[in-house]
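Undergrad: Give me the fold of what follows.
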Amino acid sequence: MEEAITELKQFIEVINKVKEALENLQKYKSNQHYKKLLDGSLKELNRSHKFLKAKIDRTGKTEIVEKFKTVSDAVTNIISNIKNNEKLVAINQLDRFWPDLEIEFENLKLNIRSFDIPEEIPMTEYRFDLEEAIKDFDNGCFISSLVLCRRSYEGALVALYKTKNKKDPVEETKCRHCAKVIRDKSYMGIARLHNWAIEDKNITEKLKQVGFLLTDMGAGAAHPPLAEFPRDKEMARLGITATLALLKEIQSNNKV
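TA: Numbers count the residues shown, from 1 in each chain. A predicted model of the protein is given here:
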């Protein structure tokens, strides 16, 4: 929805460009420069309107779809062959309409999330972590979103391991040189749990690298890196998509 709000602002800017060209043509009649500017801005308006309308239609929200119909009707008139002064009247009428539409968009933003979690993923701690990761993503907190994605997947692996093995995911840590036990109960960690899930056929081989990618991204987000770790929206989007795929894979074969 964030993209639609940005596109609304860009759309209003295009409308204002059309308005400016029309006003200049009223002052300087038959000026070829302003005629070209008007033709170009009308084409831009037509394209911008179609893209924004498609985004609004995809929301499935009847209220905002109906409200935007007023804009669509006005745009149809503006890009038609009606007189320039009539185009200006249509634009001036829209100027009074923008605040109401912006409020509708902001209200819609509060109720629409970028991702939906499938119902088959149960109400567990790791689902709540994923819910929070999506909230962080929608609020522009991309680093924390990635950290929560890793936490969500790791939590699902721990729950699965406990269910299938009737014990905590711990193991002996031995010295590489003498094989002496250094620690009796050492937590396996997400990477070893991911390997176990693959070997135990809980995660298919096709998602092997997806799990390791999520692990690496989550670690990079959680720890201050030697090299800069970007606060990147698309990386966070990838993290959520990967987490959803892995959790669905686990749930399709197990009841955790």
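Undergrad: going forward, measure contacts between C-alpha atoms and count neighbours the same way
TA: OK.
Undergrad: continuing past the top helix by length along the chain, what's the next helix or strand?
TA: Longest helix in the chain by number of residues, with DSSP state H as the criterion: helix 32-59. Using DSSP states H and E, the helix or strand that follows helix 32-59 towards the C-terminus is helix 62-78.
Undergrad: now that next one, how far from the chain's geometric center?
TA: Relative to the mean C-alpha coordinate of its chain, helix 62-78 is positioned 26 Å out (CA atoms, centre = their mean, to the nearest Å).
Undergrad: Output that helix as PDB, restricted to C-alpha atoms.
TA: Included here for helix 62-78 are C-alpha records, laid out as PDB according to Å, rounded to 0.1, in the frame of the first residue of the first chain:
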ATOM      1  CA  THR A  62     -15.100  -1.000  -2.100                       C
ATOM      2  CA  GLU A  63     -15.100   2.400  -0.400                       C
ATOM      3  CA  ILE A  64     -11.800   3.600  -1.900                       C
ATOM      4  CA  VAL A  65     -12.600   2.000  -5.300                       C
ATOM      5  CA  GLU A  66     -15.900   3.900  -5.400                       C
ATOM      6  CA  LYS A  67     -14.300   7.200  -4.200                       C
ATOM      7  CA  PHE A  68     -11.600   6.900  -6.900                       C
ATOM      8  CA  LYS A  69     -14.300   6.600  -9.500                       C
ATOM      9  CA  THR A  70     -14.800  10.400  -9.200                       C
ATOM     10  CA  VAL A  71     -11.100  10.800 -10.100                       C
ATOM     11  CA  SER A  72     -11.400   8.400 -13.000                       C
ATOM     12  CA  ASP A  73     -14.400  10.200 -14.400                       C
ATOM     13  CA  ALA A  74     -12.600  13.600 -14.200                       C
ATOM     14  CA  VAL A  75      -9.400  12.200 -15.900                       C
ATOM     15  CA  THR A  76     -11.500  10.800 -18.700                       C
ATOM     16  CA  ASN A  77     -12.800  14.300 -19.300                       C
ATOM     17  CA  ILE A  78      -9.400  16.000 -19.000                       C
END
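Undergrad: Pull out the buried residues from it.
TA: By neighbour count, and taking 16 or more other CA atoms under 10 Å as the criterion, the buried residues in helix 62-78 are 64-65, 68, 71-72, 74-75, 77-78.
Undergrad: again with stretch 156-172
TA: Of the residues in stretch 156-172, those scored as buried under the neighbour-count criterion (16+ other CA under 10 Å) are 156-161, 169.
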